[in-house]
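Asks: no sequence for this one, just the structure:
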């Protein structure tokens, strides 16, 4: 015993002396860690030491049942070292955690298999994108942030180790169990993503666990059901499958999980699972790779290992192979008894047992288990979903979007007024968010058909077709393929139309598309998540950039790392207020004001939109179109903007001229319009005109001289029919003479100024600005703003419409 204690002490001292920052289990206070480990280990009985090796599964969904109560017996009788929580809910899990920790002599390791967040196992919790999606993201800082946030979620629930990241290199599209759980097929990308994720999660105080050593990516079998074979040379395995594990060892990952795999090149005994192989676990992982952290088996109840040896024997074999923690044994009692018997028979030495138990205790100290933790149940949910998560998941999905093909630079779509666009939904899941967001940018028709001939007929009027493949993303294992019928329809549409294919599932779906030559643009969004749908639509219309790359080969013509970068073209994007420095909670006050306005009958309803830095961060509709409450205000409601035209048309053009240095704020009206040089408007500065303190009258009732005292139109100014001389529409069947516009302008020029400078709203400057803009551009203001601004911000509803198409502020239709 003294020799073992001395050896361990020297080990700790040595590690602290030259590898303080790299040893995965060493705490910052190594001396205190050593003392605690020694004090606990030296007090342990043999049964207590053996118990530390076992980590059992618990479903918090079964709280109060015999199953969860049996765990208490395992803690008391067999002194198990840890628990891995599976399906359930956060509050129930927290309750069980407190109960179990309270009765355990040595604090329990609490683990979860939460690769993309707690939602992998628990209801009402947050889910981050799958690894395949994050594998498309170039910015690895975002991956590190995701690891950190998942770690913080684990912290809130008292979880010390998360069995993530999965660093299997998924080179086999037919892999039934890894697939979306992998960062992809490029070993460098998988390694760097795994390192970033690990760094983030361990920075949050949660131990990472890289899996499934020596690599579960290139197989078509599921080790839960059978023993998959990795049939490659040792050179290939060393250069590909082992690569991420080597890199993670160098970067200080806390633990590895050994998979249940048949690897003939690494294990000479036929059919022996890698998790039971001394050569794979000890000779390769511990000795050759130099890994010093904790080593977990994959679940010992999985068929890949359970069929190889009986219960008990498999536990001993896994421990002798070099594993430290025996995960989810089929029978704890038999496993403990078998390990104890092997110890008593000297098959397992005291030194071997001490090696693993002390490592487990080191890890427990590192995560703060030198004190029995107690979760404050009322605080648990507060840390499970925060604004930081909402912001980050938007960034991840946006950065993952991959333009895999873009012939003729179809993306982003331009010249929207000149082409008709249709949307067709493929797949077994909804595309509601994609469709809704597409229609925020253009007039898009949704086409549904029962046959390819009907589809071709219905699509005939359209220039561009957007097909969205929407497959369920409830789990990463859901089916992702096109149906046979969809593949036929896809090819027929591609032959006839300019086609954009948006894939909301794993990129392997494209492998079934034999000919992609006629598909002009392909966008891969990876999941059918709401955010992925919304961001994909924004990308198609140039509101956001395309930055992602394919993490796997999706087609012979679309190899791994394919990704066309596309820059946004200035259209409004959509996102969270905090992404542009605004506060969501403060914006919610708008809701209260809107409801108050409607309640006090100041207005029956309204649309409110807030945008900053080119991004819409608030867009809501309130109330109805009138007080009869028959027609609710919707996103499609069009309002008569009336006098707001000055601000929404003239002002943007004046701002553009200013940005081009055509004038400055101290310029005068005579600088803009030389004909005003000898008038009382000549020296009025533009800044004063915009600020409504330029001495101009508020308004001029131009119409008074054109009507009788009874307000009837004078025939000298109006005609009931449109003619060459009377072509300015004023009301239904009423046209003003063309030259009266000149009279209006001259009356403004000749109007008197105020005698005292003060603030007084005036709309007169905007008539003068209109004159200036039209002289400068040699085109009408309406044409000018349609060309310069409205198409880019998707102002399809900024135009002239019939009375029935929009909401009128006034009940009178005479002058509308």
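Replies: Nice, thanks for sending it over. Not measured: the values here are computed from a predicted model. Numbering: from 1, shown residues only.
Asks: Residue 311 contacts residue 336, correct?
Replies: No - the criterion here is C-beta atoms under 8 Å, and residue 311 misses it with residue 336 at 11.3 Å. Where C-beta positions appear, they are placed from N, C-alpha and C, glycine not excepted.
Asks: Which one of the two is surrounded by more residues?
Replies: Taking neighbours as other C-beta atoms under 10 Å, residue 311 and residue 336 compare with residue 336 leading, 24 against 17.
Asks: Packing partners of the helix or strand hosting the more buried one?
Replies: In this structure, residue 336 is located in helix 332-344 according to DSSP states H and E. Packing partners of helix 332-344 (3 or more C-beta pairs under 8 Å, 6 or more residues apart in numbering; DSSP states H and E): helix 46-51, strand 54-58, helix 66-78, helix 313-321.
Asks: In CSV, list the ones you listed along with mean pLDDT and mean neighbour count.
Replies: As requested, these are exported to CSV (pLDDT from 0 to 100; neighbours: other C-beta atoms under 10 Å):
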stretch, mean pLDDT, mean neighbour count
helix 46-51, 98, 20
strand 54-58, 99, 22
helix 66-78, 96, 15
helix 313-321, 99, 24
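Asks: looking at these, which is closest to residue 130?
Replies: Across the helices and strands packed on helix 332-344, the minimum distance to residue 130, taken as C-beta to C-beta, is reached by strand 54-58, at 22.7 Å.
Asks: Quick check: residue 86 touching residue 58?
Replies: Yes - under the criterion of C-beta under 8 Å, residue 86 is in contact with residue 58, at a separation of 6.9 Å.
Asks: separation between residue 702 and residue 740?
Replies: Plainly put, residue 702 is 8 Å away from residue 740 if you go by C-beta to C-beta, to the nearest Å.
Asks: neighbour-wise, which of those two wins?
Replies: Between residue 702 and residue 740, counted using other C-beta under 10 Å, residue 740 has the larger neighbour count: 17 against 14.
Asks: can you pull the contacts of the closest residue to that one other than its chain neighbours?
Replies: Taking C-beta to C-beta, 6 or more residues apart in numbering as the measure, residue 740 lies nearest to residue 717, with 6.0 Å between them; neighbours along the chain are not counted. Applying C-beta atoms under 8 Å, 6 or more residues apart in numbering to residue 717 gives the contacts 706, 736-737, 740.
Asks: Give me the contacts around stretch 342-356.
Replies: Among residues not part of stretch 342-356, those counted as contacts by C-beta under 8 Å, 6+ apart are 1, 4, 8, 41, 46, 49-50, 52-53, 316, 319-320, 323-325, 339.
Asks: Tell me the one of the residues you listed nearest residue 461?
Replies: For residue 461, the nearest member of these is residue 325. The distance, counting by C-beta to C-beta, is 64.3 Å.
Asks: nearest spatial neighbour of that closest one, skipping sequence neighbours?
Replies: By the measure of C-beta to C-beta, 6+ apart, the closest residue to residue 325 outside its immediate chain neighbours is residue 296, 4.6 Å from it.
Asks: Three-state assignment for the one you found, please.
Replies: Under DSSP: H, G, I helix; E, B strand; the rest coil, the three-state class of residue 296 is strand.
Asks: Please report how far it lies from residue 628.
Replies: If you go by C-beta to C-beta, the gap between residue 296 and residue 628 works out to 67 Å.
Asks: More neighbours: which of those two?
Replies: Between residue 296 and residue 628, residue 296 has the larger neighbour count (other C-beta under 10 Å), namely 27 against 8.
Asks: The more buried one contacts residue 328, doesn't it?
Replies: No - the pair residue 296 / residue 328 is not scored as a contact, 9.8 Å apart, by C-beta under 8 Å.
Asks: joint contacts of these two?
Replies: Looking at what touches both residue 296 and residue 328 (by C-beta under 8 Å, 6+ apart), the common residues are residue 55.
Asks: sorry, back to before: quick one: closest of the helices and strands packed on helix 332-344 to residue 372.
Replies: helix 66-78 (12.6 Å).
Asks: sorry, back to before: quick one, grab the pLDDT at the residue nearest to residue 740.
Replies: Note for residue 717: predicted pLDDT of 93.
Asks: I'd guess residue 26 is in a helix, am I close?
Replies: No - residue state for residue 26 (three-state DSSP) corresponds to coil; a helix is not indicated.
Asks: Tell me if I'm right that it and residue 33 touch.
Replies: Yes - in terms of C-beta under 8 Å, residue 26 counts as a neighbour of residue 33; the distance is 7.2 Å.
Asks: Specify the local secondary structure of residue 606.
Replies: Per three-state DSSP, the local secondary structure of residue 606 is strand.
Asks: go on, the one 10 residues further on?
Replies: Three states are possible here, and by three-state DSSP the one that applies to residue 616 is strand.
Asks: Residue 528 reaches residue 504, doesn't it?
Replies: Yes - distance between residue 528 and residue 504: 4.1 Å, which falls inside the contact criterion (C-beta under 8 Å).
Asks: Mutual contacts of these two, please.
Replies: 427, 429, 431, 470-471, 473.
Asks: Now render the residues you listed as TSV, adding pLDDT and neighbour count.
Replies: As requested, the shared contacts of residue 528 and residue 504 are exported to TSV (pLDDT from 0 to 100; neighbours: other C-beta under 10 Å):
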residue	pLDDT	neighbour count
427	97	23
429	96	18
431	98	24
470	98	23
471	97	20
473	93	22
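Asks: For burial, what's the neighbour tally of the spatially closest residue to residue 591 that is not a sequence neighbour?
Replies: Of all residues not flanking residue 591 in the chain, residue 620 sits nearest, at 7.0 Å (C-beta to C-beta, 6+ apart). Counted with other C-beta under 10 Å, residues neighbouring residue 620 total 15.
Asks: Who does residue 620 form a beta bridge with?
Replies: Taking DSSP bridges, one finds residue 608 as the beta-bridge partners of residue 620.
Asks: Just put the helices and strands packed on helix 332-344 in a markdown table and tack on distance to residue 540.
Replies: What follows is these, written out as a markdown table (distance: least, C-beta to C-beta, whole Å):
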| stretch | distance to residue 540 |
| --- | --- |
| helix 46-51 | 58 |
| strand 54-58 | 45 |
| helix 66-78 | 49 |
| helix 313-321 | 51 |
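Asks: out of the ones you listed, which comes closest to residue 242?
Replies: Between residue 242 and the helices and strands packed on helix 332-344, the shortest separation by C-beta to C-beta is 17.0 Å, and it involves helix 313-321.
Asks: what helices or strands is the closest one leaning on?
Replies: Packing contacts for helix 313-321, counted by 3+ C-beta pairs under 8 Å, 6+ apart, involve helix 303-306, strand 326-327, helix 332-344, helix 350-366.
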